[in-house]
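Asker: Coordinates for the following, if possible.
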Amino acid sequence: MSAGHPEDEFFVDNPRLGAFIAEVRTIVARATSPIETVAALREPFSLLLANQTWLPSAFRQPSPQSGMGGGISSWLVYRSADRSLTLMSLVVPPGSATPIHDHLSWGLVGLYDGTQEERVFRELARSGDGHRQLELVNVRQLQAGLFYDLIPPENDIHSVKTTSSTPSISLHLLANDIGCIWRHTYDPEKSTISPFRSGYTNVRCDDGSKPG
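Answerer: Presented below is the predicted three-dimensional model:
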């Protein structure tokens, strides 16, 4: 299960994935900023999205016991030993949508299969009583092969909904342990923000919490 750097975790054993992660680590080590890092990662990430052979069927399945609800599953594909880099597949069944949420790291998110509608938000104001006001800034219709950058605060708050008749599968390359860190969900109607941890469908977090 481990390869490359000591204690790095590979949950998919495939040479194509191993080569991609090795390239990512080289780029991350050389880059001097998140903007430079993401720009350099776009080409290798697009090539990984275009290759339909390396991701096993098990990592393309919804989860009835999803911690995110709606059968949404978060499959951890790779995680670095220091938890500073993860790759995961997010599977969203037809008609299901994620809550509005943030990521708290730079990264790339791309559609591997199916189609999605992404709604991107920006935080406008924070009040003393903890309320948050969001503005919808973009709605994108995504097809397989398309991807976008995450560089907080730009594009960091969004929700996605599957618009295809089959589950949508997106790949998330992020500079944190995305399933195990505490993030936030937003309720625009109530102008509230809540703590949120998505978990992984196939892996427990270090504190022993159940997969999401």
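
Asker: residue ranges with poor pLDDT in the protein?
Answerer: In the prediction, the chain carries residues with pLDDT under 70 at positions 1-6, 66-67, 125-130, 208-212.

Asker: Can you list the residue ranges for helices in it?
Answerer: According to DSSP state H, the chain carries its helices in the segments 15-30, 34-50.

Asker: Reformat the ones you listed as CSV; add mean neighbour count and distance to residue 190.
Answerer: C-beta: built from backbone N, CA, C; applies to glycine. Putting the helices of the chain into CSV (neighbours: other Cβ atoms under 10 Å; distance: least, Cβ to Cβ, whole Å) gives the following:
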stretch, mean neighbour count, distance to residue 190
helix 15-30, 15, 38
helix 34-50, 17, 31
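
Asker: Of all these, which one is nearest residue 155?
Answerer: Closest approach to residue 155 among the helices of the chain is made by helix 34-50 (10.6 Å; Cβ to Cβ).

Asker: what's the angle from the closest one to helix 15-30?
Answerer: Taking axes from the mean of the first three to the mean of the last three Cα atoms, to 10 degrees, helix 34-50 and helix 15-30 form an angle of 170 degrees between their directions.

Asker: Just the C-alphas of helix 34-50, formatted as CSV.
Answerer: Output for helix 34-50, consisting of C-alpha atoms alone and laid out as CSV, is shown next (Å, rounded to 0.1, in the frame of the first residue of the first chain):
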residue,chain,number,x,y,z
PRO,A,34,0.6,28.2,-4.7
ILE,A,35,-0.1,30.1,-8.0
GLU,A,36,3.1,28.8,-9.5
THR,A,37,2.4,25.3,-8.2
VAL,A,38,-1.1,25.0,-9.6
ALA,A,39,0.0,26.5,-13.0
ALA,A,40,2.7,23.8,-13.3
LEU,A,41,0.3,21.0,-12.3
ARG,A,42,-2.3,21.7,-14.9
GLU,A,43,-0.8,19.7,-17.7
PRO,A,44,0.0,16.5,-15.7
PHE,A,45,-3.4,16.8,-14.0
SER,A,46,-5.2,17.0,-17.3
LEU,A,47,-3.4,14.0,-18.6
LEU,A,48,-4.4,12.0,-15.5
LEU,A,49,-8.1,13.0,-16.1
ALA,A,50,-7.9,11.9,-19.7
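
Asker: center of the protein - which residue?
Answerer: Central residue check for the chain by Cα atoms, centre = their mean: the C-alpha nearest the mean position is that of residue 172, 3.5 Å away.

Asker: Could you tell me how far it is located from residue 104?
Answerer: From residue 172 across to residue 104, the span is 13 Å (Cβ to Cβ, to the nearest Å).

Asker: do the same with residue 8
Answerer: For residue 8 relative to residue 104 (Cβ to Cβ), the value is 22 Å.

Asker: sorry, back to before: of all the helices of the chain, which lies closest to residue 80?
Answerer: Closest among those, once you apply Cβ to Cβ, is helix 15-30, at 7.8 Å.
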